[in-house]
Structures are given as C-alpha cells and as structure tokens.
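Compute the structure for the input listed below.
(2 chains)
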Amino acid sequence: MKAARDLRELFSYRELVVVLARREIRARYKYSILGAGWAVALPVALMLLFSVVFARVANFDTGGIPYPVFAYIGLLPWQLHAGMLTGGARSLIDNRALVTKVYFSREVLPLSRALAALFDFAVAAIVLAGLMAWYGLTPGSGVWLVPLVLLVQIAFGVGLAMLVAGANLLYRDVQYVLQVAITIWMFASSVVYPLPREGWLRWLSYVNPITPILDAYRALLLGGRFNAGEFAAAAGISLLTLVAGWLWFRRVEKRFGELA
Amino acid sequence: MTDPGVVFKDVWKRLPRRTEVSTLAELLYALPKRALQRRDEDGLLPHEFWALRNLSFELQPGESLGIIGPNGAGKSSILKLIFRIFRADRGAVRAKGRVTGLIELGAGFHPMLSGRENVFINGSILGMRQKEIRRKYDSIVEFAELGEFMDMPVKNFSSGMHARLAFAIAAHADPDVLLVDEVLAVGDASFQNRCYEWIENRRRKGCSIVIVTHQLHVVQSATRCLYLSEGRQVMLDEPAPVIDRYLRDQAELLERADAQPAASPGITQVQLLDRHERPVHEVEAGAPVTLRVHWKFPEPVIGPVVTLDLFHDDPRFLISTPGGNLAQLSSGDSLATEVAQGSGAFDVRVDGMHLPVGMYCVRAAVKAHGALTAAMRRDDALRFEVRRPAGSESHALIELAQSWSVVSPTESIEKR
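Numbering: from 1, shown residues only, chains lettered A, B, ... in the order given. I've put the predicted structure just below:
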C-alpha cells in the first residue's frame, strides 16, 4: 500500500517534526524580552479586553462561570486552532528553500507548525491553572478526558492546515482569505460568548466542530454538563477532515518542488 | 553486478515555463481557458516544455557521473528527480539508500540560531537521527574548522564559514547517493580541494555520485560524463571524449552566432599545450604553457605577425579594454624575416600563465608584416580554463610568481 509506505516514511521523520518545531520556537523567542511569555501575552490580553467590553455591553449567561475564566478557556484552544491553521498554511511557503532543495516527507512542515503552536498552548495553559485557583474553581471529575478533546482538536486543526497549505502554495492569496475567515470563525463559535442554543442562530453550534470542542473543554474542566453526542459528532468530522486533508496534501505534494 | 545506485529509465519531465496562475482571482479567469486547453501531439500544454526527454542511464555504486551542458539543458532537473523534489512524468527514476544533496548548502540554516543549533537542525533535515548527530558532532566541527565559532549565530558567519559548516554536515550524513550542484564554487581553494577529496573518498567506498558543474576539471575526474542539450542526451561516455565534444559544440555555436565569420580558413587550429607538450583544455594559473597556431596558407605570408587575443568569458572583464580582450600575445617583429608557406604552425611559449581564473576563448589572427588588416583570422579558435592552483588560499584575481625573504628585521621594527 502506497499510503502505508508514506506513513512509515513520515514516521521515520518524526524527529524532524520536533527539531523544526524547536527551531521555530527558539528563533521566535530567543531575541525577545518576554521570551516564551509572549505565548501568554496574547490570550491574556484578549481575555482582559473581552472581560471589560462584554461586562459593560452584554451580560452573557455563562452558566455561573466567572466571565474571565469562560473567555480564557475559549481563547486558549482557539489560539491553538488559529495558530495551527495560519502556521500550517504558511509552512510550505516559509520553508520554500527546503521544499525546493531537500527531500523529506512534506507533512513534516504543517505538523511541526502544529507542534510549535501546541508549545504556546501549553505555556498559556499555566495561566488558566492560576486563574481557576484565583476564582476558587476546582476541575470537574471528567478532567481526565481533556487530552482526548485536545487530540480531536489537533486532528481537526492539522487536517485543515494540510488542506490549506497545499492551496496556499498554488494560490498565494489563500493566506489572506484565511485571516479573514479565522476572525469571522472566532465570532461564529463559542470562544468569548456562549452561542444561542435556540432561535435562528442555533445552526451555528452544529456546523463547525470548534463549538462542541470548546464546550467539551469547559464542561470537563469546570464540571458542567458534557454533551457526549455533540462531541462524538465533532470528533467524527475532525477525523474525516484529517483524512481528507492528508489525501489532498498527498495529491498536490508531488508538485510542491515545482510550485514553490 | 550489484544493485545500481541510480537508475533512469526512459525519463521524461515536463515543466511550466512560468507559473501560470498564482492567485485565486487569476484562477477564476483561467478556469474556462484551462477547460479548453488540450495537450499538443508532444504531450504539452501551451506554457510547458520538456525539461528532459527520454533519458536513460544507470549508475553503479562507486561510479561518479559528471553532467555538462549549456544552461537550461536540464542538468539540475536530473538532480531534483533523483532527490524526489521533482517526479517524472513518464518513465521511472530509482535511487538506492540515503540520498543526500549538496544542492544548496545550508538550505535549512536559520540565521538567528547558533552554528551548533543549526548542525542539529540541518542534520535532521538530511535524514540523520539526533543521536547520530550528537555522536558525530565533534567530527563535524573539526571538518568545518569552526571550533570557537559554533555558538555564534549563523547570520554572522562569512560565506566561506557557512559553506564549510553546511558541507561538513552533509559529509557526515553517510549518503549512498550524493548529488553535487555547483555549490563548491564557494569557499577557499584548500576547502574546495578537501571537499573533492572527500567526495572521491566516498565514491571509493561505494557511493554513487552525480555532479553538475561548469568547472570542466571537476567533470574530468568523474568516472563517466553525460552531455545534455535541450533535455536530450547528446553523449554519455568517459569524460575526455565527452568534454571534447562539448567544447567543440560550444565553439561551433559561438562561431555560428558571430555575425562576422572567420575571414579565411587559413588558421586551422589553435592548441594549448602543457609543459609536456600535451594538448590540454585547462591550466593552473601561473603554469608554463605553449600555444600552437596551426595554419595552412593558400599563398605565402611574408614576415607574418601573429596575434592571439584572450577573452575571459566573465562579462565583467569585457569592459577593461577597448577591444574587450583581457590579454594579448603578439609576435610583433620577431618573425619578420620568416616566410610562412604551405602548412605549419607557430608556437608561442608563455613562461607563466598569470591570468585570472575562469574560462577563456582565443581569437587568432595572422597578417603580413606592414599590412594594415589581418590576412587570416579565427574568432573562437580555442577555449580553455585557467584554474586556481591546488593549495592556493587566495581569492585574488591574479596569482603572481613570488618568492619571499626577510631583510634585517630588527632594524625595521626600530624605525617604527
């Protein structure tokens, strides 16, 4: 099987994924004052901003969760999602020098970007622990399922990143379209406010897997109601996205050397 | 016979002349056009061309293949196909084992990171395990001669240091197939020599090597040579006859391109002879040579004046003189009492060929003493290469003959 052989080859490059992710993280933080603190700065700033704005403008029903905690649990995985997408989309273009000169499994590039985004995610997660302690919140009994949710989220993000990375190599304006799409997408998901569960906007909760994923994080971390059915559907879509993304990536990958 | 290291079987490779579509907006316009496009009888869309046509060869372990040909002949495409950066459109390409390319040295270097960090990154890109790199690290640093610089960001490296580090890493990847593309033109001569020594060493250990270069002396030391033109194989044989054919074709091409044809067929050939009077196409800067001008004159030339103009093929040298020639050898009055009749040859001996390194072409002309215009002329009578002498570390243009001594050292220091 060709796919099996390609997967084996990709597995043989597993170290390169880590090495390239580390290269990116080091290069990003080596010559900055805050260093890895920057990974925290953006989600915290956004959390503060939305806390101030939404506390005045609207009073969302967060189910008893303090708004800053609600927003931060949304923003944290969202940053990871956006990071995997934008990073992954640019991964082939940014490494054009490599793609046109050296052979290795090309999947390594979006994967290493995802890993670098995951590093930022882990650093920023420390703040969440502090925030929950500050509000005296203890994790719910389902907290051990959080890694599973994370895994589903990564599958979805990497799948999409592979879809976009190939397209971005063909058409260079894909990344700009993507920027706009990500911003709209954020406000169409339950990142900084809960989505309406009834009324004409109800469908927003079902079309994209991000909302069930975020809701799952909140339910498991804070002990709310975990909607297993919705999450299972999101996991299914995520896996399909991963497979479809990889198949598309393999299709266009043969021409990367000529296009880049 | 063992398993071949590299196999090309009836390989065709199609490439676009330019990227046809690069934005989504352009795609919208291009879609209807694309639906109507048909491949022509050659299998090409209007914006495509065949970079390689029906190419077949096999390279055994321990063989090295030099590839020569004019620009755009498809030389680099061969390397990219072996390296799987390109995929063949027809036919099959196979390479055995670990393929490492010295295609662009240090392609994965990150300028902000230290030499040390980059060793681990670049090594990993070339397919080495981190454990393997840790084991070989000291040896890599030693080969690159960069001991105390390894903690410096790579952006502060000189181009020579950059190349040395990159080559040292690639050298330690233990490839079964090694691809070399022009890259060794950087770095000083002693380093270049060490690189070629290392490449030769690998070959003896059973590595298959493919080299693309314009430096003919490099190709000369390969075991086989492929001459490509417009994606087709012109000749595949031992280096000497292939290089000869290539140089002949090049000269012919120039002759045809020249608006002013050779004035007369009187000068039949110009040869470059080394100190053993063997005809050669390359010479080390500063070495003694003889240029031999063969002629066959329809009528006698009384008191011939022979002039050889030497042109460097780097256009930067063209502006230096009104005629564009970098050097001139002229017999002046020295043959004034001679009469050239029938056929024969003039020899001019040059004690030291102290010319800038590079490719040269020679224009030969003969006129009668006192005549204003040349009776015979041959524009591209000879092509040859002046090479930096082995062991030279200089980057200067000209290597002078030199000898050094010390004259009363204590006194000169006191004067200061």
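
So which residues of the chain form helices?
Just so you know, I chose chain A. Taking DSSP state H as the criterion, chain A contains helices spanning A:2-12, A:14-29, A:38-57, A:67-94, A:96-99, A:108-134, A:146-170, A:174-187, A:204-207, A:210-222, A:228-253, A:256-259.

that's the wrong chain, I wanted chain B
According to DSSP H, chain B carries its helices in the segments B:24-36, B:75-82, B:115-125, B:130-144, B:159-171, B:189-204, B:216-220, B:239-257, B:409-415.

Same list (those helices) but as TSV, adding mean pLDDT, distance to chain A and mean neighbour count.
To be clear about C-beta, it is placed using only N, CA and C from the backbone, and glycine gets the same treatment. Shown next, in TSV, are these (pLDDT from 0 to 100; distance: least, CB to the nearest CB, whole Å; neighbours: other CB atoms under 10 Å in any protein chain shown):
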stretch	mean pLDDT	distance to chain A	mean neighbour count
helix B:24-36	74	5	11
helix B:75-82	90	6	24
helix B:115-125	90	4	24
helix B:130-144	92	6	16
helix B:159-171	85	10	23
helix B:189-204	83	18	16
helix B:216-220	80	20	20
helix B:239-257	78	27	15
helix B:409-415	55	46	8
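
Pipe those helices into CSV and attach distance to residue A:233 per row.
Output for the helices of chain B, formatted as CSV (distance: least, CB to CB, whole Å):
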stretch, distance to residue A:233
helix B:24-36, 31
helix B:75-82, 44
helix B:115-125, 39
helix B:130-144, 40
helix B:159-171, 48
helix B:189-204, 56
helix B:216-220, 62
helix B:239-257, 66
helix B:409-415, 88
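
I'd like to know which of those lies nearest to residue A:105.
helix B:115-125 (11.5 Å; CB to CB).

which one is residue B:247 nearest to, not counting chain neighbours?
With sequence-adjacent residues excluded and distances taken as CB to CB, 6 or more residues apart in numbering or on different chains, residue B:247 is closest to residue B:383, at 5.4 Å.

beta partners of the one you found?
Beta-bridge partners recorded for residue B:383 (DSSP bridges): residue B:361.

close enough to count as contact, it and residue B:360?
Yes: the pair residue B:383 / residue B:360 is scored as a contact, 6.9 Å apart, by CB atoms under 8 Å.

Close to chain B: what parts of chain A are there?
By CB under 8 Å from any CB of the partner chain, the residues of chain A that approach chain B are A:13, A:15-16, A:19-20, A:23, A:26-27, A:30-31, A:95, A:97-104, A:170-174, A:177, A:254-255, A:257-259.

Out of these, which end up buried?
Neighbour counting by 16 or more other CB atoms under 10 Å in any protein chain shown classes A:13, A:15-16, A:19-20, A:23, A:26, A:95, A:98-104, A:170-171, A:174, A:257-259 among the residues of chain A next to chain B as buried.

want to try a markdown table for the helices of chain A, with mean pLDDT as columns?
Formatted as a markdown table, the helices of chain A follow (pLDDT from 0 to 100):
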| stretch | mean pLDDT |
| --- | --- |
| helix A:2-12 | 88 |
| helix A:14-29 | 89 |
| helix A:38-57 | 85 |
| helix A:67-94 | 92 |
| helix A:96-99 | 82 |
| helix A:108-134 | 93 |
| helix A:146-170 | 92 |
| helix A:174-187 | 91 |
| helix A:204-207 | 73 |
| helix A:210-222 | 91 |
| helix A:228-253 | 92 |
| helix A:256-259 | 78 |
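
Figure out which of those is closest to residue B:339.
Comparing those by their distance to residue B:339 (CB to CB), the top pick is helix A:256-259, with 63.8 Å.

From the chain's centroid, how far away is that closest one?
The chain centre lies 27 Å from the centre of helix A:256-259; the measure is CA atoms, centre = their mean, to the nearest Å.

what do you get for stretch B:91-108?
Worked out by CA atoms, centre = their mean, stretch B:91-108 lies 20 Å from the chain centre.

Skipping adjacent residues, who's closest to the spatially most central residue of chain A in space?
The residue lying closest to the centre of chain A (CA atoms, centre = their mean) is residue A:81, at 1.6 Å. Distances taken as CB to CB, 6+ apart place residue A:157 nearest to residue A:81, at 5.4 Å, with adjacent residues excluded.

Run through the residues that contact residue B:75.
Residue B:75 sits next to B:67, B:68, B:69, B:212, B:228 when contact means CB atoms under 8 Å, 6 or more residues apart in numbering or on different chains.

Scan these and report the most crowded one.
residue B:68 (29 neighbours; other CB atoms under 10 Å in any protein chain shown).

what's the spacing between that residue and residue A:15?
Distance from residue B:68 to residue A:15, counting by CB to CB, to the nearest Å: 38 Å.

cool, and residue B:29?
44 Å.

Then residue A:212?
Counting by CB to CB, the gap from residue A:212 to residue A:15 is 34 Å.

shaky segments in the stretch 301-416 of chain B?
The stretch 301-416 of chain B contains residues with pLDDT under 70 at B:314-324, B:408-416.

Show me the strands in it, by range?
Listed in chain order, the strands of the stretch 301-416 of chain B (DSSP state E, counting those that start in this stretch) span residues B:301-302, B:304-312, B:327-330, B:339-340, B:343-350, B:358-368, B:376-387.

quick one: contacts for the residue of the stretch 151-260 of chain A at minimum distance from chain B?
Taking CB to the nearest CB as the measure, the stretch 151-260 of chain A has residue A:257 as its residue closest to chain B, at 3.6 Å. By CB under 8 Å, 6+ apart, the contact list for residue A:257 reads A:99, A:100, B:80, B:85, B:86.

same thing with residue A:185?
Residue A:185 touches A:208, A:210, counting by CB under 8 Å, 6+ apart.

any idea how far the residue lying farthest from the centre of chain A lies from residue A:104?
Relative to the mean C-alpha coordinate of chain A, counting by CA atoms, centre = their mean, the farthest residue is residue A:1 (30.8 Å). Distance of residue A:1 to residue A:104, given as CB to CB: 21 Å.

All set now, cheers.
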